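1. The following block contains a protein sequence and its predicted model.
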Amino acid sequence: MSELIFANRFFKAAPVLLGTVFVFCCLNLQGCLSPGNSNPVPVYTYNITNIYPHDRNAFTQGLVFEDGFLYEGTGLYGQSSLRRVELETGDVLQIYELPEQFFGEGIAICGNKIVQLTWQSHIGFVYDKNSFELLQEFNYSTEGWGITYDGERLMMSDGTSTLHFLDPQTFEKIGEIQVFDSYGPVTGLNELECVRGQIYANVWQTDRIAIIAPETGRVIAWVDLGGLLTEEDRRQPVDVLNGIAYDTGTERLFVTGKLWPKLFEIKVVPPE
Ligand SMILES: [Ca+2]
């Protein structure tokens, strides 16, 4: 009988206990995540240094600068491609068109190879950087969005807040980080670029780039790129900001967007 009474009391008390624990956790979580109670993430603005033409038909999903040229991966079924592009003119110097069943996504350059992801096919392609000859395919379990190379690892986004680290030889997964700011996880991570040891990430459907510490996943700054396109630029259909490339030699940073008529060289400006 006493065991029954104990059990009865326990189950009656359990919701109260669980409720107390839940409220306690929420208060603590709020304390951790509230921007007022943690170091606010600085928001950088930008200055435009140069404006270059960009193919209005390029649904930009990947952008890299190497050896004096832009390399661009484009998306959409039946329109996906890998391109070598002349910066100053926007002219497409070389193109490889993906089979129409593939929706091209991010690209990264590792040595003399170019890696290109596809959106939902779970297949990545590896090309010779000069000839664009298809050398190899590899598989991954998630969606493929953005990819970049830090000199040791490939870093890949999948539209969530996770960045996957891949071995550049075997394409096996070797680690991951969760990206967060003072409000919690940052989802929609898209095109990526390694810039001076940090990861720059477009956030899908926003005008913002997250600057991420690769060791922790913490967003150390936001770059607000609102206002890059003029009203005139937007008279024809344009899609979202997507595409970050960095020229390590001259420290130039380039950004563009899907179907944008322009590609911008910018400098990010920290708050005063
Ligand atoms: Ca990039």
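-> Yep, that arrived. Numbers count the residues shown, from 1 in each chain.

2. Low-confidence regions, the chain specifically.
-> Applying pLDDT under 70 to the chain flags the ranges 1-38.

3. Next, name the residue at the spatial heart of it.
-> Geometric centre of the chain, nearest residue: residue 190, 2.9 Å, by Cα atoms, centre = their mean.

4. For residue 200, see how far away that residue is.
-> Noted for residue 190: a distance of 11 Å to residue 200, by Cβ to Cβ, to the nearest Å. Every residue, glycine included, has its C-beta placed from N, CA and C.

5. which non-adjacent residue is nearest the residue in the chain that the ion sits nearest to?
-> Nearest to the ion, among the residues of the chain, is residue 193, at 3.9 Å (Cβ to the ion). With Cβ to Cβ, 6 or more residues apart in numbering as the criterion, residue 193 has its nearest non-adjacent residue at 4.0 Å, and that residue is residue 244.

6. Partner strands of the host helix or strand of the one you found and their direction?
-> Using DSSP states H and E, residue 244 falls within strand 241-247. Sheet partners assigned to strand 241-247 using DSSP bridges are listed as strand 252-257 (antiparallel).

7. Is the ion within reach of the partner strand?
-> No - figure legend: strand 252-257 not in contact with the ion (Cβ under 5 Å from the ion); closest approach 9.0 Å.

8. Which SSE is immediately downstream of the top strand by length along the chain?
-> Assignment by DSSP state E gives strand 43-53 as the longest strand of the chain. Next in sequence after strand 43-53, counting helices and strands by DSSP H and E, comes strand 60-66.

9. in the following helix or strand past that following strand, what's buried?
-> On the C-terminal side of strand 60-66, the nearest following helix or strand under DSSP H and E is strand 69-74. The neighbour-count check on strand 69-74 (16 or more other Cβ atoms under 10 Å) flags 70-74 as buried.

10. Over to stretch 170-178?
-> So stretch 170-178, judged by 16+ other Cβ under 10 Å, has buried residues 171, 177.

11. For the residue nearest to the centre of the chain, what is the enclosing helix or strand?
-> In the assignment (DSSP H and E), residue 190 maps to strand 189-195.

12. now the helix or strand following that strand against strand 189-195, angle please.
-> Scanning forward in sequence from strand 189-195 by DSSP H and E, the next helix or strand is strand 198-203. Between the axes of strand 198-203 and strand 189-195, defined by axes from the mean of the first three to the mean of the last three Cα atoms, to 10 degrees, the angle is 160 degrees.

13. Can you check what angle separates strand 198-203 from strand 60-66?
-> In terms of direction (the same axes, to 10 degrees), strand 198-203 departs from strand 60-66 by 160 degrees.
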